[in-house]
Every structure is written in C-alpha cells, then in structure tokens.
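S.K.: Whatever this is, show me its structure:
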Amino acid sequence: GHDRFAGILGVEAVATAAEFALPFGFAVEEQDLGRHGPIRESGNARGIGTRRLRAVRGSCHARAQWIGARIDDAAERSQREQTRLAVVLVDLDDFKLVNDSYGHSLGDEILKTVASRLAASVPAADSIARLGGDEFVLVVHVDALDSLVQQVERLFEAMREPVELRGMRFVLRMSAGIALYPADATDAEALLRQADTAMYAAKAGGRDRHAFFAPPMALASRTTLTLRHELQRALERDEIRPCYQPRVALSSSRVLGFEALARWHHPERGVLLPGEFLEIAAQGGMLGRIDQRILAHALADLAGWRRSHPDCMVSVNLDASDLQDEALVAGLLQQLDTAGDLADAVEIEITETSLMRNIEQAARTLARLREAAPGLRIAIDDFGSGYSSLAYVGRLPVATLKIDRSFVAELGGGNPRNARAIIHSIVDLSRSLGLHVIAEGVETIGQADELRRLDCLEAQGFLFAPGLPHAQASALLQAGFVTAAGVHAVRS
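M.R.: Now for the predicted structure:
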C-alpha cells in the first residue's frame, strides 16, 4: 500500500513521471527530470527525497496555463513515440448542492476522496489535475481506444461507491468528456476546449456518462454560447414573457385560473418553448431571473383579471435552486410584499425532483415565503416522479399536489391499471392531508373521464387549451369555461 502525506493533504501519494496535482491547487512533481516511467513513492512526506511539494494556487487562468503546459509536454512525447493522447475532463454532477447544503469544508473533503479515486482508477495517467471547482483533468497515453474506454469506465465504477464522511453517505455522479490528440486537436488549449465540449454533451445526454468529442459538438457548443448571450439580452429587453394554460374544473369545464409558462419571443427565431432555453439559462445562472420576471408579469396580468373575476388564480413555476440563493429569495419576498392581497391568488409550483435535492432548506425557505404572504399557495409539481414523496410531503407547507403527466398518459397507455392505482393513492393522500390535487397533461376525453371517476377535481392539458397569449387567455376567462369542442375556437 501507499503511505499518505500525513498532516498535509490527506490523500495518497500516487504519481507518475509527470505529476499528480491534488485538490486545492497543490501538485506533487518529479524533481529528477531524467527519470522516466511511472513511480510510486512510499514513506511519509518528509521521507520522499526525490519529490517536492509545490503550490499552484493562483487564479484559474494560471492553473489552466500550468495544466496546459503538461498537456503540451505529453503531446510532444506522443508525437515522438507515434502514439495517441487522451485528455479527459471530469465534472462532478450537481456538486454545488453539496457545498450549498453542507458547506465547503465537507465539500473539500469529498474532493480529496475524488482525487484519490481518480489516481487509483487510472494509474497509467501521465497527469491528474484539479482544473478548478469540481473539475478534474486526466492526461492519458492511449494504446487502443478499447483500453481507454475501460479505464474511463473504471472511473465511473469508483465514483459510484458511496463516500462516507461525518456519519453521512454521499453518492457521487460525474460526467466526462474526452478529446484525442492528434485527431481532435494538436495543442493543449484546443484539447481542453474539445474535452469541455464533449463533457457538456455528456451532461446534456443525461449525465453520469462519458462522451468523445465529435465536430458537430463544437457547432452545438457555439450555438449554446450564442443563445446564452442572446438570453442575457432577452432579459434586458423583456423578451421572455408568460403564456397561460387554463386550469379547469373537471366537473363543469369552468376555468379556475392559469399556469404561467415561460416563452421566449426571439426576434429572429420566433417563440421558443422552455425546452429550448431553460437548460441554457440554468447553466448560465439566469434561471432565477427568468422565474422572477415571469412572476412579475403574472402578478400584473392577475391584477387585471381579478377586477372582473375575483376568484381567478395563477400558478408560477419556481426552481428549487432559487430557494438556495438569498438574493433571489429576497427578490421574491419583495415581489410578494408589493403584491399585497394579490399574493393570496398566487400558487408557486416546484418540481418534486428539484425539491428532493435539499428538502430541509426548501422547507425553511418556503416557510419564509408563506410568512411573508400567508395566503400564498405552494404546489409540488410532477408529483409521483420523485423517490421520497410520501416521506416528505407532510413536512412541507404545501397546498397542492400536481399529478405527474406520465401517470395521466398511462391511463390510455399500456398499463392503465397501475396508473389508476397510483392516481387513486395520490388523490386519497391529498384528501387525508387536506391538500388540493390537479392532474396535468390531459390530452384525451378518455383521460378526463377516468380522472373524474378517480375523484380528481381539476386538470389542465391540451384537451382544454395549450398555453395562450394574454389576450386569448383573457377571452377564455371572460367566456367562463372551455370544453374539448371549444378548443379550436380559443386557438384561433
């Protein structure tokens, strides 16, 4: 086994002829530049005479330059020896939640464990370095792509082993992007850029996976960067505004209110749906601003509607990550305070899966929102899609459960019996807890009839109407009700 750098870093002293860069910007480097081949030193830090410990803290730019020099050195060696080189960029999925929930001290301890596992899983790596945040870079000489894939798969297997710290267990997930020298690029900067592009492609593909760089990814990456820039301008120009999907009483088809859904009115591409820009907004830290903007529009429209329809209400989506940002929470509190009694007609929808990421903080922040606006309603969206629904729903200040659309779809699908049983259980749970329940994604008359038989009283979906511009939503509210036969008239 390998002794540890006791009292210094607390990670294994495992390195190759190049170097092993540890968390926090420290690197263990080979002093004897004439030595070649991988080495493994034993003994404590003081007893390793051939090595020196050097700090490379500095800025992210300086650290990237240092790593880039190592990649260029490895590329030169690869060219001399006529071999291929792989640059593997590893990013921990959703690691920010660990730091936000448990503090950076514990997060740093986890990163040390990650560094140790990386070294143990890919012992043939020429360099292993922490690029910054929760990103690591591995530089590996490649004999065959099959062996490289096997090494990367070992990384994923190692990361899936829970990390146990301070009496808690953390299951880590990661995404990895791979760029090859000389096929994908011939210099360090380009190799890192291509690996980064591939890593984001892996995340977009579902996370917890790896992806090799491919030229179309570069085009997609440039498109993403362009959209991110345009999204910044869109917020400044108020191009992101809500459309409204009616919420309907199943017994009478009466319009009870609306859900405000974000739409980007792009000056060149027309109206963009949330799936085309919300993920980019989340990556760029703009999701909270969009949520606030939609809430502001919804409050203004709601004020006009309630003058003639005092029972009208509006629901607005909020990502649970917003609840961890104190500046955004302060902005929401100010909006609700300014709204006054109008806040009593607002429902905040948060998806169940995002709530489960940090249920304790979500509960505390939602309680603060309710204190600021006692009449504010909280809804769990996509209910039934998470793994801890029944365990946690009673601990949240929730008024409404929205049945996940996948169960509604199954009412007319291949497993209607299970769907009916699940929906019946959710309706019973809601009734026992004194909660309201609504089904979303209703598209057929058969689904609506089945939901009525299951005592679900409210629904929304394309059967009644899609998301409507403000003028059409106002006309629908004025009509008072909508039926499947009346949808075409509303759309026109």
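S.K.: would you list every one of the strands in the stretch 51-200 of the chain?
M.R.: In the stretch 51-200 of the chain, strands defined by DSSP state E, counting those that start in this stretch lie at 51-55, 84-92, 127-132, 135-142, 163-165, 168-170, 174-181, listed in chain order.
S.K.: Could you dump those into TSV and include mean pLDDT, mean neighbour count and distance to E352?
M.R.: In short, each C-beta sits where N, CA and C put it, glycine included. What follows is the strands of the stretch 51-200 of the chain, written out as TSV (pLDDT from 0 to 100; neighbours: other Cβ atoms under 10 Å; distance: least, Cβ to Cβ, whole Å):
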stretch	mean pLDDT	mean neighbour count	distance to E352
strand 51-55	29	14	44
strand 84-92	91	24	23
strand 127-132	84	22	32
strand 135-142	89	22	29
strand 163-165	86	14	25
strand 168-170	80	12	21
strand 174-181	91	24	23
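S.K.: Adding distance to I71 as columns, could you present these in JSON lines?
M.R.: Formatted as JSON lines, these follow (distance: least, Cβ to Cβ, whole Å):
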{"stretch": "strand 51-55", "distance to I71": "18"}
{"stretch": "strand 84-92", "distance to I71": "6"}
{"stretch": "strand 127-132", "distance to I71": "7"}
{"stretch": "strand 135-142", "distance to I71": "6"}
{"stretch": "strand 163-165", "distance to I71": "28"}
{"stretch": "strand 168-170", "distance to I71": "30"}
{"stretch": "strand 174-181", "distance to I71": "8"}
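S.K.: Nearest to V393, out of those?
M.R.: strand 168-170 (23.1 Å; Cβ to Cβ).
S.K.: What pairs with the closest one, parallel or antiparallel?
M.R.: Here strand 168-170 is paired, per DSSP bridges, with strand 163-165 (antiparallel).
S.K.: So what's the gap between the strand it pairs with and the chain middle?
M.R.: Its chain's C-alpha centre and that of strand 163-165 lie 23 Å apart, by Cα atoms, centre = their mean, to the nearest Å.
S.K.: quick one: V152 and R209 touch, right?
M.R.: No - taking Cβ atoms under 8 Å as the definition, V152 is not a contact partner of R209, at 9.9 Å.
S.K.: which residues are in contact with both of these two?
M.R.: A176 (Cβ atoms under 8 Å, 6 or more residues apart in numbering).
S.K.: Those two - which one has more neighbours?
M.R.: V152 (22 against 16; other Cβ atoms under 10 Å).
S.K.: give me every residue that touches the residue lying closest to the more buried one once chain neighbours are set aside.
M.R.: Counting by Cβ to Cβ, 6 or more residues apart in numbering, V152 lies nearest to H210, which is 5.2 Å off, once chain neighbours are set aside. Counting by Cβ under 8 Å, 6+ apart, H210 makes contact with V88, V152, F156, S175, A176, G177, I178, A202.
S.K.: show me the contacts for the fifth one.
M.R.: Spelled out, that is A176. A176 is in contact with V88, L89, V90, D91, V152, L155, F156, M199, A202, R209, H210, A211, counting by Cβ under 8 Å, 6+ apart.
S.K.: Contact partners for the fifth one?
M.R.: Okay, so that is V152. Per Cβ under 8 Å, 6+ apart, neighbours of V152: V88, A176, I178, H210.
S.K.: Closest to I359 out of the residues you listed?
M.R.: A176 (29.0 Å).
S.K.: Would you mind measuring from that closest one to R84?
M.R.: 17 Å (Cβ to Cβ, to the nearest Å).
S.K.: R193 too?
M.R.: From R193 to R84 the distance is 18 Å (Cβ to Cβ).
S.K.: now S354
M.R.: Counting by Cβ to Cβ, the gap from S354 to R84 is 41 Å.
S.K.: can you map out the helices along the stretch 301-450 of the chain?
M.R.: With DSSP state H, counting those that start in this stretch as the criterion, the stretch 301-450 of the chain has helices at 326-339, 352-355, 359-372, 389-392, 405-410, 416-433, 445-453.
S.K.: Tell me which residues of the third one come out buried.
M.R.: In this case it means helix 359-372. I359, Q361, A362, A363, T365, L366, L369, R370, A372 (16 or more other Cβ atoms under 10 Å).
S.K.: G394 is in contact with the fourth one, correct?
M.R.: Okay, so that is A363. No - counting by Cβ under 8 Å, A363 stays clear of G394, with 10.6 Å between them.
S.K.: Could you pull up the contacting residues of the residue nearest the centre of the chain?
M.R.: Centroid-nearest residue in the chain: D94, 6.6 Å away (criterion: Cα atoms, centre = their mean). By Cβ under 8 Å, 6+ apart, the contact set of D94 is R173, R357.
S.K.: give me that answer again for 10 Å
M.R.: D134, L172, R173, R207, S321, R357 (Cβ atoms under 10 Å, 6 or more residues apart in numbering).
S.K.: next one: D337
M.R.: A343, A372, A373.
S.K.: same question, L155
M.R.: 88, 90, 114, 117-118, 120-122, 136, 138, 174, 176, 210.
S.K.: switch to 8 Å and redo it
M.R.: Applying Cβ under 8 Å, 6+ apart, the residues near L155 are V90, R117, L118, S121, V122, M174, A176.
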